[in-house]
Structures are given as C-alpha cells and as structure tokens.
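> Fold the stuff below for me.
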Amino acid sequence: MAKILLLNGPNLNLLGEREPDIYGKATLSDIEADVRKVVEQAGHALFSFQSNHEGQLVEWLQQNRDARFALVNAASLTHTSIALRDSLSLTKIPFIEVHLSNVYKREAFRHQSYLADIAVGVVAGLGAAGYSFAARYAVDHLAKD
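Numbers count the residues shown, from 1 in each chain. Now for the predicted structure:
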C-alpha cells in the first residue's frame, strides 16, 4: 500500500460556489471523494490537505515526504511560489500538476508554471475529471514500480 497525496492550494475550499463557469460545480469534497475511490480501490491510501497559506502547504509536504506520489493543484501559487516548487523538489515525490480550468485559455500570467517542469505531467482544463485521470495515472505509475 502506497501513500498518495492530494494537495490543494488557495481558494479551492470554495469550489462549487466560486466562479462555477470557470471551475465547475463540484466541491472540493466531491473531488476528494472521487480521488479517494480511485486510490483506495487500488489498495493505496489517500492523504488530502487544502490551505490558503503557502507555508502550511510547504510544511504539510515536508511532513508527508514519505509519500510515493502526489496530485497537486497549487492554484494561484502555481504561478508564484518558488517555496512550493522547492518543497516538491526536495521531497522528491513524483507528482502531477492539476488544474480545473485550461490555464492557457486564460490570462497570460497563468501560462507560467513554477511546477510543470518538475512534474511527471500536467492535467489542465478537464474540470473535476482531471483529478480522477491524474489519480488513475498515479495508481498505474505505482503499479510499475
């Protein structure tokens, strides 16, 4: 059994009510339940965390550096946080960067990710389903190890 992380950044606690035309109607609890189903059916354990504070995200990653894989939606911190990038690098946890919206169809500042080049892959623009796709990939990735 492997430990898989689900890390969500600022404002994702308001999913379902925050700009549903961009982010969809699924709540963060809905997304976590979908990911948990995929992960646990494969015999792994999911540990999830959301914070609006960069330092808390960094500390949580460091505390869970024994994880074997992570799904990371850093939200706005994707485009600004060197600290989060450094934490992901030093923990050496393979991860997929996940975005609900297609960041490349949005404002230009969202086109730059501080995480993408160290990620296993990026899923963007597929809504809540993107998390499930990422979870399936994580499970497949771990099965190959």
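> From here on, just use CA atoms for contacts and neighbour counts.
OK.
> quick one, longest helix in this structure?
In terms of residue count, the longest helix belonging to the chain (DSSP state H) is helix 129-144.
> quick one: Ile4 is in a strand?
Yes: counting by DSSP: H, G, I helix; E, B strand; the rest coil, Ile4 is located in a strand.
> Provide the partner residues of it in its beta bridges.
Leu46, Phe69 (DSSP bridges).
> who's in contact with it?
Val39, His44, Ala45, Leu46, Phe47, Ala67, Arg68, Phe69, Ala70, Leu71 (C-alpha atoms under 8 Å, 6 or more residues apart in numbering).
> Turn those into JSON lines, including neighbour count and distance to Tyr23.
Formatted as JSON lines, these follow (neighbours: other C-alpha atoms under 10 Å; distance: C-alpha to C-alpha, whole Å):
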{"residue": "Val39", "neighbour count": "22", "distance to Tyr23": "23"}
{"residue": "His44", "neighbour count": "16", "distance to Tyr23": "28"}
{"residue": "Ala45", "neighbour count": "17", "distance to Tyr23": "26"}
{"residue": "Leu46", "neighbour count": "21", "distance to Tyr23": "23"}
{"residue": "Phe47", "neighbour count": "14", "distance to Tyr23": "23"}
{"residue": "Ala67", "neighbour count": "20", "distance to Tyr23": "28"}
{"residue": "Arg68", "neighbour count": "18", "distance to Tyr23": "28"}
{"residue": "Phe69", "neighbour count": "24", "distance to Tyr23": "24"}
{"residue": "Ala70", "neighbour count": "26", "distance to Tyr23": "21"}
{"residue": "Leu71", "neighbour count": "26", "distance to Tyr23": "17"}
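> export those to JSON lines and tack on distance to Ile31 and pLDDT?
Below are these laid out as JSON lines (distance: C-alpha to C-alpha, whole Å; pLDDT from 0 to 100):
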{"residue": "Val39", "distance to Ile31": "12", "pLDDT": "98"}
{"residue": "His44", "distance to Ile31": "17", "pLDDT": "98"}
{"residue": "Ala45", "distance to Ile31": "16", "pLDDT": "98"}
{"residue": "Leu46", "distance to Ile31": "12", "pLDDT": "98"}
{"residue": "Phe47", "distance to Ile31": "13", "pLDDT": "98"}
{"residue": "Ala67", "distance to Ile31": "20", "pLDDT": "98"}
{"residue": "Arg68", "distance to Ile31": "20", "pLDDT": "98"}
{"residue": "Phe69", "distance to Ile31": "17", "pLDDT": "98"}
{"residue": "Ala70", "distance to Ile31": "15", "pLDDT": "98"}
{"residue": "Leu71", "distance to Ile31": "12", "pLDDT": "98"}
